[in-house]
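Peer 1: take this sequence and fold it.
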Amino acid sequence: MSALAANLGLPDRESITDTLYRSVFGLDTADQATFETAWHKDATFIYDSSPPADGLDTILATVFKYVGEGLDTTHFVTNVRVEVKDGADTATATAHALAQHYRRGEGRDPKAPRYLTGNMYFVELAKDGSDGLWKIKNFDLKVIWREGDPSIVGQ
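Peer 2: Below you'll find the predicted structure:
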């Protein structure tokens, strides 16, 4: 399965939303190349008030390696709201997300333990001058509710 091109020629507001979609698509398919197109090299990721993962290399070694490569997941992102001014190269976005997690290889087993979370995303983005793509600078994920087995995600 191949991902769509990172740059779909969308207007800014849609491109910003597409950045979130590229990130979760990369996680759900363990597609590191697509995941990387959504993140600045010096990005920060915070999971529910945990210490931040600073820099893309750290995010890849933690979030991507553990979730993207280590679990069977589906992330559904909705209610995306974007604040961007015409011609600006920075923006903010908020979104709701449902994230279903299974241990690798168990996602299709109806009896397998699972972990489902309802989340809010608070995201700061900037347009990358090298390729013109909107990319995540700061991603703050807040878990609002959860059900299932939290040990699946190491909690």
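Peer 1: who does whichever helix in the chain runs longest touch, helix- and strand-wise?
Peer 2: Longest helix of the chain, by residue count under DSSP state H: helix 12-29. Counting contacts by 3 or more C-beta pairs under 8 Å, 6 or more residues apart in numbering; DSSP states H and E, helix 12-29 packs against helix 32-36, strand 71-83, strand 90-103, strand 115-127, strand 134-148. Glycine gets a C-beta too; all of them are placed from N, C-alpha and C.
Peer 1: got those as a markdown table, with mean pLDDT and distance to Phe64 columns?
Peer 2: A markdown table is the format used below for these (pLDDT from 0 to 100; distance: least, C-beta to C-beta, whole Å):
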| stretch | mean pLDDT | distance to Phe64 |
| --- | --- | --- |
| helix 32-36 | 96 | 6 |
| strand 71-83 | 97 | 11 |
| strand 90-103 | 98 | 14 |
| strand 115-127 | 98 | 16 |
| strand 134-148 | 98 | 12 |
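Peer 1: so which of these is nearest Ser15?
Peer 2: For those, proximity to Ser15 was assessed by C-beta to C-beta; strand 134-148 is nearest, at 5.0 Å.
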